[in-house]
Each structure stands twice: as structure tokens, then as C-alpha cells.
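K.L.:
Take this sequence and fold it.
(2 chains)
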Amino acid sequence: MDLLWLRVAALLYAAASVAVFPAVLYGKERWRKSSIHLAGLAWLFHVVSLAEMLIQAHHWMPVGAREVESLLGFVFASLFFVVWWLYDAISLGLFALPATFFVLFVPALGRGGYTFPSTGVRIGWLVVHIVSLMLAYAALILSLLASLLYLVQERRLKAKFKPGQNRWSWLLPLDTLERIALATLKFGFPCMTLGLVIGSVLAQETPLGASYFLDPKVIASFLSWGVYVLLLLVRHMASLRGRKAAYVSGGVLVVMLAVWVANFFSHVHGFGPR
Amino acid sequence: MTLALIGVNHKTASLVVRERVAIGRDELPGATRALAEAPGVQECMIVSTCNRVEILASVENPSVSLAGFLAQYFGLAPEEIHPYLYELHDLAVVRHLFRTAASLDSMVVGDAQILGQIKSSFAVAKEEGTISGQLEQLMQSAFAAAKKARTETGIGSNSVSIASVAVELAKRIFGSLEGRTAFLVGAGKMSEIAARHLVQQGIGTLLVTNRTQERAMRMAEEVRGRLTPRVVPFDQIYQAAAGADIILSSTGAPHYIFSPQHGASFLQQRRNRPMFFIDIAVPRDVDPAMNKLDGIFVYDIDDLQQVAASHLTEREREAVDAETLIEQEVERFEKRQLAVNAAPAIVALQQQAEAIRSGEIDRMHARLASLSPEQREAVEMLTHGLVNKFLHPPMQALKLAAREDDRARLEALCEVWSLPAGKADEDKTDKEEKKVVQQEAHR
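P.N.:
From the prediction side, this is the model:
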């Protein structure tokens, strides 16, 4: 039964992770409440699952990767609730809840891991994984482009564009460029998250199992996801707009370069000629 | 009597210099009176806009120094102002005035506001009694020429006014203006025009403030259309500004109203949402250093005009036609002026003929005594008709000689008819002369 409760907890953490983004980034009160309630419920199921798992194993200390991962997820979630309770800082949930979900994800698949029912289904999910990540990168590139154009347009407006600069008249208004940069950044995030989750499921099925996640490219991908969340959070919390926000969006470039460079060090997830 | 004009404008002086010699709306009557009292000045008016400060006068002789008045009035050393001044006389004044009124001398060619501004200055001069005969006629001709240039060429089409440029720039920053908040600080004419543009573009909220609350209320009433502007007390200017996306400032304050410190505070309060300051005041209301703040864009009057000027390729073509038209008008005015010089001779000729005619009627009085009143009236009419017919060729010849500035011919004609040539100012037959001048003006 502990696996069932763990799966329920993982699903609820996933739902809470989804709800926390509009709650933090858009200040939506309903989403905020939903996120906390879902996370609280997930935490309860998690407690039940952990207790049952340890009781069944007849020990009080976690043994094996699966139990350690489950306990690590529990610690993440618990710390989040402590901070939320003390400081009413739901923003931390942007990291803590998805991180908890990711940590729980592999143990929640079961002791034998998850096996796809057929090669066709596996390939289908592989396509979704690739498309999601490609969409995420495309969104990031578009966001970066919009930010660069923002800087050009801003410079033009600040310099009181002189006669002869009409060749830039096609540039979109500043506000529109900023909206595009932010919207694409926000669109790319769920794509990247979905891509990583599906990638994790695909990876645990490989003969490498958990060690797959020690590959530099896979680690860089998860780190880039963390940087992505940080970008969104910084933009929101510091009310970053304009030039500074455009520079922060430049961080996207760093993220993409990091993954690209990691590709050359990857032994299990490389692409292209090396 | 000589026409003279001195001034500084956007071509000769930067905004910083123009700010120093700007004459506010409230100061204009006093300055005009002071100018009228200057030695050698017979008639005068002052045009002070954000782009130019010009003194127009008819003076006793060309040596009368208007520049001295300007320096003295503003307490400036002559060397501080001289490098930026231009000085024109007689026909050059006429040409400059016609071109200015037709907005051909504006940074934004075709800008309709300059004509209104000159008319306002003219009205002030009229009120102060500093303008009459020669300058009044010149101004009326300038207004007519400007009107003709606007109606007969396309310089006024595709409005590239300061207000429309400001709105266009606001769109470059905010995209759509729908739902945005605009704040008018100071209730000037240009603010009013800009406010109308903003309302047309779907601005969500319009706030108005002015040192004089009544004036703000009046302006709010005037721009009221799709939305009702809200009047903000002047002491709440900074609270209101923090909530505004577009701030259009046009007060007569002698110092900056908005400083970078204010800007930083606004940005903090509005979570870095951008702000657009349109500063059309001279002297400026917004510290230009504010433009360095991330998220704040400041455009002063020169900046706006520079942007507008860069959009004017279309108008430049129309401006060529307008220049030709203005040149024709200047020529016409000149001819009219010369024709006026023939007026005393024409009047004298008419008076001489009338004296002869009435003398002959008087001489024949005894013989005509038997005539009935109707018959006497017929004789009067007959003699009048004969005299007019006889006078027509020499009058035309006089006018033509004057129009063609052929002084030798004019003098010869006057000599033949024993008429007083070139004594227009000395003759006291004003009524008759004006009639001749009016006839010429209507041609």
C-alpha cells in the first residue's frame, strides 16, 4: 500500500507544483490556496507512505535509494511548510514543490520501475519528450530575441531616435516586446518541465537505471530547469522590467549553452557529432 | 519708417538658450508695453513660443537696436545673446513673417499651432495698443498668406504635430494606449490638443492638474469626450504622477518639477512599470537626467520636434509648393506697399480734378439756375463720369509705376500732373488714402 500512497502523494505534489506558478507569478489567491491545500494533502499521504514503508521494512532508518529519495522528498516538502508557516513565503514553493515531485517520481514508479507496454508507446513518449524540450528551447530563444529587440528599441527611444533611424521603425513597441519575452519564458517552462519528467520516465527504463541521472547532460538539464525557475522568480519578485529584465533573460543563453556544452561530456544522452 | 525683426529660434539657439529668453503668457503684455516704450520703436509685438522668441517692430530708422532691448529685458550681457540672434529688415521681415505664420520656418513644417500662437501675440499687442497701421496690415497679410498656404498646399495634411508625435511615441512604448493613464500637468493649449489625441487613442484615465484649479477644471471640461477627466489638486501632483503612464507637463514653472529622485520613487511605487514624460514646457519641467532611469522616457519639445522632423519627407514636397506660394504673397505684399506710396499722388489727382469740376459747375451756376433739381443732378453725374473717365488712365499709370517700383516713371507722372510724389506720410488725406489702399488690397 505504501507505493499507492506514494503515488498519490507524487500526483498531488505535481498538482501543487502546477498551482504554485500562477499563485506566485500572478498573485492569484485561488491558486495559492489550491497549491497549499494540495501540497498539504500530498504531505499527509507522503507521511503515511513513509511510515508504512518503514514499518513494513522493520527499520526506522531509510535503506536503499528508493527509501532515501522518498525521505529526501519528505524533508523538502516539510521545510517548505515550515518556511511558509513562519514567513508566509509561498515563493519557495516554486522550487520546493517541483523538486519534491522530481525526487519522489522515481520511487513512485515502483520497485521494478516503470516499463512501457510497447515500443510504440515508448517511441510516442520519446517524441513528446523531444518535442517538449524543443518547444522549450524555441521559446527560450524567442524570449532572448524579444529581449534583444527590447534593448534596441529602448536604446532608440532613450536616444530620441534621430532622423535616419527610420529603418528601425518596424520594431514592436517596448511593452509588446516585454510581453513576448515574458510570455515565451512562461510558455517554455511547462514544456521544459514536461520534457524532463517524460525524460526521467524514459531514463529509468534504460539498463543504466538511476545512474542515468548522474550523466553531466542530464544533471545540466535539471540545473537549467532550476535556473529557469530562478529567472521567472527573479523577474517576478524584483518586479524586473525593461532593461534589467532583458539582461536577466540573457541568462537563458547561459542555460542553453550549459546544456549544449554538457552534451559533449555526456556518455548516455549525446546528440550530434562529437 | 522701417520694419525690423530680431529673434532666436530653434535653428539658431538650443532649448537651454531659448529657456533664458522665453516670455511667459502672463508676462507678454508687460514685455510688449516695455518694448513699445523703447526709443525709436513706433509699433511692436512679441512672439514667444517654445520654438522662438521674436520681436517685430516698425522703427524710426534701421539703427534702432531691438537686440539691446532684449538683452536689457532679460538682464543678459549682449555677448550672451548676440551669437544666437538673427536680425532682419523690411522685405526680409515680411518674408520671414509669412514663412513663420505658414509654419515653413517651424521644425515641424505644417504645424498648425504657430499660426494660433502668432495670432495670440498679435491680439496681446492690439490690446496693449502697440500695433496699428503698418504692422497691423502686415500681420493681416501674413495670416491670409498662411491660410492660403495651408489650404492650397498639403503642408497641413497628415498631421505631424507635436501632439501627434507624442502620441506616436507613447505607442512605441506602450503599444496600445487603451486603459493607460495620462496626467496633464499644466493646462496649456498644446496639452489640450495632446489630451484630445490621447482620448482619441482610447486612453483609459485622464488626470488634469494646474496651479489654478479653475483653469484645470476648465480644461477638463474642454477635453471631455469619451471619458471625463479627473482634476487633481496641484499639491497632490506627485501622488497622481506615480499612477500615470504618460505625463504631459507644460507648466510655466521656472524650475524642474520632476527630478530623478521623483522618478525613482515613482518607479518603486509602480513596480517598475514604464513611464513616459512629455515635457513641452519652456523652461522645462522635467529634469532631463530622468531619462537615464531604466523605465522612464523623457522627451522635451526639441526631442519631439526632432522626431517629427524626421518624418517629414512627404511634407517637404508640399513645403516646396508652399514656399513658392509664400514668395508670391510676399511679392504681392511688396507691390501693395509700393502702390500705397502712389496713394497720395492718386488722392491729389482726384482732389485736383474734383476742384476743377466743382469750380466749373460753380462758374456756370448762373446759367444753370433755370434747371430743375433732376436736371442739375444729371449734370453733376455727367461731370463726375467725365472726370472719372479722364482720370482712369493716369491713375492706372501711377499704380503700375508704383507696383513696378519704377520711381522715375512715378516722379515723371507726378510732375506732369503737378502731384506730390513720395509724401505718403506727410499727407493728411488719410481717409482717401485708406480707400485706395483697400482697393489695392482687394485686388
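
K.L.:
Surely A:G251 touches A:V227?
P.N.:
Yes - with contact defined as Cβ atoms under 8 Å, A:G251 reaches A:V227; the gap is 6.6 Å. Every residue, glycine included, has its C-beta placed from N, CA and C.

K.L.:
List the buried residues in stretch B:107-126.
P.N.:
For stretch B:107-126, burial by neighbour count (16 or more other Cβ atoms under 10 Å in any protein chain shown) applies to B:107-115, B:117-122, B:124-126.

K.L.:
hmm, that stretch touching chain A?
P.N.:
No - using Cβ under 8 Å from any Cβ of the partner chain, stretch B:107-126 never reaches chain A; the gap is at least 11.2 Å.

K.L.:
all strands for the chain, in order.
P.N.:
All of this is about chain A. Taking DSSP state E, chain A contains no strands at all.

K.L.:
that's the wrong chain, I wanted chain B
P.N.:
With strands called from DSSP E, chain B shows them at B:2-9, B:41-48, B:52-59, B:86-89, B:181-185, B:205-209, B:230-231, B:246-249, B:275-279, B:296-300.

K.L.:
Just the ones in helices from the buried residues of stretch B:107-126, please.
P.N.:
The helices, defined by DSSP state H, take in B:Q113, B:I114, B:L115, B:Q117, B:I118, B:K119, B:S120, B:S121, B:F122, B:V124, B:A125, B:K126 from the buried residues of stretch B:107-126.

K.L.:
Adding pLDDT as columns, could you present these in JSON lines?
P.N.:
What follows is these, written out as JSON lines (pLDDT from 0 to 100):
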{"residue": "B:Q113", "pLDDT": "79"}
{"residue": "B:I114", "pLDDT": "86"}
{"residue": "B:L115", "pLDDT": "88"}
{"residue": "B:Q117", "pLDDT": "88"}
{"residue": "B:I118", "pLDDT": "91"}
{"residue": "B:K119", "pLDDT": "91"}
{"residue": "B:S120", "pLDDT": "89"}
{"residue": "B:S121", "pLDDT": "91"}
{"residue": "B:F122", "pLDDT": "93"}
{"residue": "B:V124", "pLDDT": "92"}
{"residue": "B:A125", "pLDDT": "91"}
{"residue": "B:K126", "pLDDT": "91"}
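
K.L.:
so which of those residues comes closest to B:R180?
P.N.:
Set against B:R180, the nearest of these by Cβ to Cβ is B:Q113 (24.4 Å).

K.L.:
you'd agree the closest one is up against B:S164?
P.N.:
No - the criterion here is Cβ under 8 Å, and B:Q113 misses it with B:S164 at 11.5 Å.

K.L.:
Specify the residue ranges that define each domain of chain A.
P.N.:
Chain A breaks down into these domains under automatic domain parsing: A:2-108, A:123-263.

K.L.:
give the contact list for residue 140.
P.N.:
Picked chain A for this. Residues counted as contacts of A:L140 (Cβ atoms under 8 Å, 6 or more residues apart in numbering or on different chains) are A:T184, A:L185, A:G188, A:V252, A:V255, A:M256.

K.L.:
likewise B:E43?
P.N.:
Contacts for B:E43 (Cβ under 8 Å, 6+ apart) come out as B:A36, B:A57, B:S58, B:T130, B:I131, B:S132, B:G133, B:Q134, B:L135, B:E136.

K.L.:
Least reliable of the domains of chain A by average pLDDT, please.
P.N.:
Lowest mean pLDDT of the domains of chain A: domain A:123-263, a mean of 80.

K.L.:
Quick one: end-to-end distance for it.
P.N.:
End-to-end distance of domain A:123-263: 21 Å, with Cα to Cα, to the nearest Å as the criterion.

K.L.:
do the same with stretch B:267-274
P.N.:
8 Å.

K.L.:
roughly how far apart are B:Y238 and A:W43?
P.N.:
48 Å (Cβ to Cβ, to the nearest Å).

K.L.:
ok, those two, which is more surrounded?
P.N.:
Shown here are B:Y238 and A:W43; by other Cβ atoms under 10 Å in any protein chain shown, A:W43 has more neighbours (21 against 13).

K.L.:
And the ones in helices among the buried residues of stretch B:107-126, which is closest to B:I173?
P.N.:
Of those, the one sitting nearest to B:I173 (Cβ to Cβ) turns out to be B:Q113, at 23.7 Å.
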